[in-house]
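**Student:** This is a predicted model, with the sequence first.
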Amino acid sequence: MVRFRGFSFWLGAAAISLLAGCGAVFYNEGSKESSLAAGLHNPEVAKAKVQVPADQCMVSDFNNGSKNVNPKLFGASGGQWMAISSGGGGTINSDLIADGGAHGDAKAVHIYGKLTDKGDKSYPGFQLQCHLKDTGFYDASNFTGMFFYYKCPSDDTAVKRRFGIGMAATLPSDQGGTCSNNCYDHFGVDLPSSGDWVKMTLVFTDIKREGWGGAVIPPDLTDHLSEFINFAWTHSGNNVAGTYNIDYWVDDVEFF
């Protein structure tokens, strides 16, 4: 089992039974269809998406050297980027913005440093976080997915590299979420090692959790698009004792 701790099995699909002769439909409590149990309409199902202008889809391209989220981002305000070292595992750089972005851009985010994992289940790691708003949840329901550019040279020796979407159900209350146990099992993807820029395109319907965390009800990311809190790129030793060189880049984060 692999997991990140110190950072950031779903329930089965709701059973639907039709009673012969009366046409009654029953929905499991907590399922995405539960609001229909008394013939009530679920407003999320038919919620019309807003056609978002292109300049309001960009989260950040970093070319202005700022750690602030794009002030034009649709539905956002006051979001920021930051680097976090958890578990006392080492010292991470604080400057973040560096020259040399994807496809010839001027700048990108660069995370690097030496990480020490004692193998004592403290799960230290280096994490790049993007808080989409200064407070509260970010509503991404007008988007289908997101993409970003990522680069991880061969000198990065992390055991585990992962991108995750921190949201209400996977973050604890002290980080703005509602999770009470086995938190930080975010919806996300593992990240490749690549000496050149790779475009990571993620469709919300396809993004999964690792499965070790507390239950998320309903179980799909698309049921929680209005509850985003942050994006997180994390490199760690994954509880394997040793000292690791961490080195990765992120650029052009955007919704679509």
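**Tutor:** That came through, no problem.

**Student:** Just give me the residue closest to the centre of this protein.
**Tutor:** Residue closest to the mean C-alpha point of the chain, counted by CA atoms, centre = their mean, is Ile165 at 1.3 Å.

**Student:** how much space between that one and Gly75?
**Tutor:** 15 Å (CB to CB, to the nearest Å). C-betas here are computed from N, CA, C, even on glycine.

**Student:** So for the longest strand belonging to the chain, what gets flagged as buried?
**Tutor:** The residue-count maximum for a strand in the chain (DSSP state E) belongs to strand 242-255. Using 16 or more other CB atoms under 10 Å as the test for burial, strand 242-255 gives 244, 246-255.

**Student:** what's the answer for stretch 160-178, then?
**Tutor:** Under 16+ other CB under 10 Å, the buried positions of stretch 160-178 are 160-171, 175-177.

**Student:** cool, stretch 79-95 as well?
**Tutor:** 79-81, 83-87, 89-90, 92.

**Student:** got the CA coordinates for that stretch in PDB?
**Tutor:** Backbone C-alpha positions of stretch 79-95 (Å, rounded to 0.1, in the frame of the first residue of the first chain) are rendered in PDB as follows:
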ATOM      1  CA  GLY A  79      -5.500  32.200  -4.300                       C
ATOM      2  CA  GLN A  80      -1.800  31.600  -3.800                       C
ATOM      3  CA  TRP A  81       1.000  29.100  -4.500                       C
ATOM      4  CA  MET A  82       3.300  27.800  -1.700                       C
ATOM      5  CA  ALA A  83       5.900  25.200  -1.000                       C
ATOM      6  CA  ILE A  84       5.500  23.000   2.100                       C
ATOM      7  CA  SER A  85       7.900  20.600   3.800                       C
ATOM      8  CA  SER A  86       6.000  18.200   6.100                       C
ATOM      9  CA  GLY A  87       7.200  15.900   8.700                       C
ATOM     10  CA  GLY A  88      10.500  17.700   9.400                       C
ATOM     11  CA  GLY A  89      12.100  15.900   6.600                       C
ATOM     12  CA  GLY A  90      14.400  18.600   5.200                       C
ATOM     13  CA  THR A  91      14.600  22.100   3.800                       C
ATOM     14  CA  ILE A  92      12.600  23.000   0.700                       C
ATOM     15  CA  ASN A  93      13.400  26.100  -1.400                       C
ATOM     16  CA  SER A  94      11.100  29.100  -0.800                       C
ATOM     17  CA  ASP A  95      11.600  31.200  -3.900                       C
END
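
**Student:** Nothing else from me, thank you.
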